[in-house]
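> Give me a 3D structure for the following:
(one chain, ligands or ions: 2)
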Amino acid sequence: MISFALSVFVGFIVFGEEFPFSDIFHKISKSNYTLWTNRTAIKVRSRMDCASRCLITNRCRAFTFEETTSMCTLGFCSQSNSSARSQSVDLYQIQRKKCNTYPGFSSKSYGSTIACVWQSTERLNFTMARSDCAAKGASLFTVNTFEKLQIAGLLPGSYLIGLNDNETEKTFVFEVDNSILDESLKQQLFASGQPDDLYSDEDCVVYVDYFRGLNDISCSRNEIYVCEQFCFIP
Ligand SMILES: [Ca+2]
Ligand SMILES: [Ca+2]
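Residues are numbered from 1 along each chain as shown. Ligands and ions are numbered 1, 2, ... in the order given. Model (predicted):
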């Protein structure tokens, strides 16, 4: 999809071809869905301009565009949400793919929570693991709820996930959207006595099977890792 999208974009720029907007993006009912994003709106020339920006932006699968102001917001995916939205904002989504159409990925569930995940066989450090997940159009596994912690337990062994306190010590940030792990959830997710920032050198996080919880480790350690697709059909 990414290479297809890129070639479409390049074709649009170089040859001035008609941009097959409606083949790629679908308008989503805004009464039921909102945009999952960590970006702020930017002013663009047109809806097509906004769509083009989404196609060349890593992990952009959806966007909103406000006709009257030409404000464009790029996002990860549309998500179910019953809260009211501004009627002037249109929400578009790239066609979602089934989880198992991403090579090696499979869906795992706990209750109504479903994750689309892939586990490595090779051990890499945090930076390399993160790059490998990005190359798959994914991010390191996000364990940000009790349910996701239970899903983590369905995968064998211990492995790196997408959470770190690289920027500010003790402030753990999820890789997928830079959201911050709050204190009460931190206590639920981490194993007893963790995170301990041992030797002042532990800023990356692994799920540890025998703790059934998280532990902070050195980012330079080579570990098994798990990638997660965030915009899929189970
Ligand atoms: Ca730390
Ligand atoms: Ca630790």
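> Tell me the residues of the protein that contact ligand 1?
Proximity of the chain to ligand 1 is confined to 165, 197, 202-203 under the rule CB under 5 Å from the ion. C-beta: built from backbone N, CA, C; applies to glycine.
> Now the buried members of these.
Among the residues of the chain next to ligand 1, those that count as buried by neighbour count (16 or more other CB atoms under 10 Å) are 165, 202-203.
> now, which of those residues sits nearest ligand 2?
Distances from ligand 2 to these, taken as CB to the ion, are shortest for E202 (4.7 Å).
> Surely the closest one touches D196?
Yes - if you go by CB atoms under 8 Å, E202 and D196 touch, sitting 7.0 Å apart.
> before we move on, the earlier item: export the buried ones among the residues of the chain next to ligand 1 to a markdown table and tack on pLDDT and secondary structure?
Putting those into a markdown table (pLDDT from 0 to 100; DSSP: H, G, I helix; E, B strand; the rest coil) gives the following:
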| residue | pLDDT | secondary structure |
| --- | --- | --- |
| D165 | 98 | strand |
| E202 | 98 | coil |
| D203 | 98 | coil |
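> quick one: pLDDT of the residue most central in space within the chain?
Taking CA atoms, centre = their mean, the centroid of the chain lies closest to V176, which sits 4.0 Å from it. Taken from the predicted model, the pLDDT recorded for V176 is 93.
> How many residues are close by the closest residue to it other than its chain neighbours?
Using CB to CB, 6 or more residues apart in numbering and skipping the chain neighbours, the partner closest in space to V176 is S139 (4.3 Å). Using other CB atoms under 10 Å, S139 has 22 other residues around it.
> I'd like to know how many residues surround the closest residue to L91 other than its chain neighbours.
Leaving aside its chain neighbours, L91 sits nearest to I28 (4.5 Å; criterion: CB to CB, 6+ apart). For I28, the count of nearby residues is 18 (other CB under 10 Å).
> State the pLDDT value of I28.
With respect to pLDDT, I28 has a value of 90.
> contacting residues for it?
Contacts for I28 were tallied using CB atoms under 8 Å, 6 or more residues apart in numbering; they are 62, 78, 91-93.
> Give the buried residues for stretch 148-164.
Within stretch 148-164, the residues scored as buried using 16+ other CB under 10 Å are 148-152, 155, 159-164.
> again with stretch 201-211
Neighbour-count burial for stretch 201-211, counted by 16+ other CB under 10 Å, picks out 202-208.
> Redo those residues as JSON lines? Include secondary structure and distance to S218.
Formatted as JSON lines, the buried residues of stretch 201-211 follow (DSSP: H, G, I helix; E, B strand; the rest coil; distance: CB to CB, whole Å):
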{"residue": "E202", "secondary structure": "coil", "distance to S218": "6"}
{"residue": "D203", "secondary structure": "coil", "distance to S218": "8"}
{"residue": "C204", "secondary structure": "strand", "distance to S218": "7"}
{"residue": "V205", "secondary structure": "strand", "distance to S218": "11"}
{"residue": "V206", "secondary structure": "strand", "distance to S218": "10"}
{"residue": "Y207", "secondary structure": "strand", "distance to S218": "16"}
{"residue": "V208", "secondary structure": "strand", "distance to S218": "14"}
